[in-house]
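In: Sequence first, predicted coordinates after that:
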Number of protein chains: 2
Amino acid sequence: MLVYNDMILLDLVGPLTAFNMLQADVRLIARSMQPIIPDVRIPIAPTDTFETSPTSLDVLFVPGGLKGTLDAIRDDKTISFVKERGATAGLVTSVCTGSLLLGAAGLLSGYHATSHWYVRDLLAQMGAIVRKDRVVVDRNRITGGGVTAGIDFGLTIAARMAGEEAAKRIQLLIEYDPKPPFEAGSPEHAGTTLVDDVLARRKQLLAEAAIVVEAAGTALRSR
Amino acid sequence: MLVYNDMILLDLVGPLTAFNMLQADVRLIARSMQPIIPDVRIPIAPTDTFETSPTSLDVLFVPGGLKGTLDAIRDDKTISFVKERGATAGLVTSVCTGSLLLGAAGLLSGYHATSHWYVRDLLAQMGAIVRKDRVVVDRNRITGGGVTAGIDFGLTIAARMAGEEAAKRIQLLIEYDPKPPFEAGSPEHAGTTLVDDVLARRKQLLAEAAIVVEAAGTALRSR
């Protein structure tokens, strides 16, 4: 699991909880061993750097968090790591805006994929075929939607790694029988007023995302 | 937010993500400043001890994680802290087995409350009226079901603290439009084979829970 500053901790912890219940050997891999500061400001200590990370990974996972994802895309060292490990990993996966990083590393070209709803369409610029589903499986690429999609994603991966019974056992243990108190979890359900409000509050960051992704797409095509 | 060893990190991070989006002043309060080791083995640094914690809390929150909850119930210092802060907190809340700790501190006597499905019924021994709902609100006591109920819980608290529009905005930002790949998130949906399997694997811990909660209930009634 790649970790980076300004990632959304919930993006990581949803899938991590499922992986942990599978007794997987989980590594939190970062640019350096310095603690990562995620959205919720709890410092997270990496277990490995790009240099000490195992060279062959069963699963490469990239969490999201738009500000942090954009910084990571602009960092050649991070892109190189994701590209290299992604080339040999059993599964190449992400939740939320993490798919933009996979895309920028050239790992989603020709693959169906998804992302957080507010940047999903940008994936097309890096050759992906954009899908709206909560979890999108295309060969060994598995991408999830925004933040909480990490739980649905984690169960999907668990089923793939350990079988449906194991995944269902995890679902029962984490009592994943969701009953959201409101119906505002997708742009379609939330309605235009709320969507416009969220987009307005993220205006600058989304404009930056468009520029960063366009540059990443251009770089990919010129290779 | 109380934090303790063997807590389930996802219990904490679901609500924390919502609180953080409300720009709340969040404290992670522990017995000491030593890092907490949760289920997923990522060390979490407390921000406050019982001694340095603010005396008046808008929200007291207790996460779950059965092994850790039982240890915490047996720790007089933790029970005293929860009892004292719970007496004056604006909202007294928990997710998952955290409600057993609230119960043991005498904070759920006469209140409707819930917990993780596999220990829910034990709440009655501490005077609570057991409910099966995912999030149970009774006056200023708000308790959630197992692990992932923390997200529904977080949105419920957000609505209470900042209004329904703010809660819906958070729901849209964290794209909480759940689509579990399986239907096994409650004992009713999972079926008896899977439920029996989970109970068998937790047999010793559940037996321990029955003993610890019985002792806590007896202690409460003798006061």
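Out: Good, I have the coordinates.
In: ok now do A:G146, which residues does it touch?
Out: Neighbour list for A:G146: A:G64, A:V95, A:C96, A:T97, A:S115, A:H116, A:W117, A:Y118, B:L173, B:I174, B:E175 [criterion: CB atoms under 8 Å, 6 or more residues apart in numbering or on different chains]. All C-beta spots, glycine's among them, are computed from the backbone N, C-alpha and C.
In: and the residues you listed, which are buried?
Out: In terms of neighbour count (16 or more other CB atoms under 10 Å in any protein chain shown), the buried residues within those are A:G64, A:V95, A:C96, A:T97, A:S115, A:H116, A:W117, A:Y118, B:L173, B:I174, B:E175.
In: Any chance of JSON lines for these, columns pLDDT and distance to A:F153?
Out: Shown next, in JSON lines, are the buried ones among the contacts of A:G146 (pLDDT from 0 to 100; distance: CB to CB, whole Å):
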{"residue": "A:G64", "pLDDT": "98", "distance to A:F153": "11"}
{"residue": "A:V95", "pLDDT": "98", "distance to A:F153": "5"}
{"residue": "A:C96", "pLDDT": "98", "distance to A:F153": "9"}
{"residue": "A:T97", "pLDDT": "98", "distance to A:F153": "14"}
{"residue": "A:S115", "pLDDT": "98", "distance to A:F153": "12"}
{"residue": "A:H116", "pLDDT": "98", "distance to A:F153": "13"}
{"residue": "A:W117", "pLDDT": "98", "distance to A:F153": "15"}
{"residue": "A:Y118", "pLDDT": "97", "distance to A:F153": "18"}
{"residue": "B:L173", "pLDDT": "98", "distance to A:F153": "17"}
{"residue": "B:I174", "pLDDT": "98", "distance to A:F153": "14"}
{"residue": "B:E175", "pLDDT": "98", "distance to A:F153": "12"}
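In: If we only consider these, which is nearest to B:V13?
Out: Closest approach between the buried ones among the contacts of A:G146 and B:V13, by CB to CB: B:I174, at 11.1 Å.
In: List the contacts of that closest one.
Out: Contacts of B:I174 by CB under 8 Å, 6+ apart are A:L10, A:G146, A:V147, A:T148, A:G185, B:T17, B:A18, B:M21, B:I151.
In: okay, the buried ones among the contacts of A:G146 in a markdown table with secondary structure and distance to A:A128 next?
Out: Below are the buried ones among the contacts of A:G146 laid out as a markdown table (DSSP: H, G, I helix; E, B strand; the rest coil; distance: CB to CB, whole Å):
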| residue | secondary structure | distance to A:A128 |
| --- | --- | --- |
| A:G64 | coil | 15 |
| A:V95 | coil | 15 |
| A:C96 | coil | 15 |
| A:T97 | coil | 13 |
| A:S115 | coil | 9 |
| A:H116 | coil | 14 |
| A:W117 | coil | 15 |
| A:Y118 | coil | 16 |
| B:L173 | helix | 23 |
| B:I174 | coil | 23 |
| B:E175 | coil | 18 |
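In: For B:E214, state which of those residues is nearest.
Out: B:I174 (38.6 Å).
In: buried stuff in the longest helix anywhere in chain A?
Out: Ranked by number of residues, the top helix in chain A under DSSP state H is helix A:203-221. Using 16+ other CB under 10 Å as the test for burial, helix A:203-221 gives A:L206, A:A209, A:V212, A:V213, A:A216, A:G217, A:L220.
In: and that helix, what other elements does it pack with?
Out: Applying 3 or more CB pairs under 8 Å, 6 or more residues apart in numbering or on different chains; DSSP states H and E, one finds that helix A:203-221 contacts helix A:66-73, helix A:98-104.
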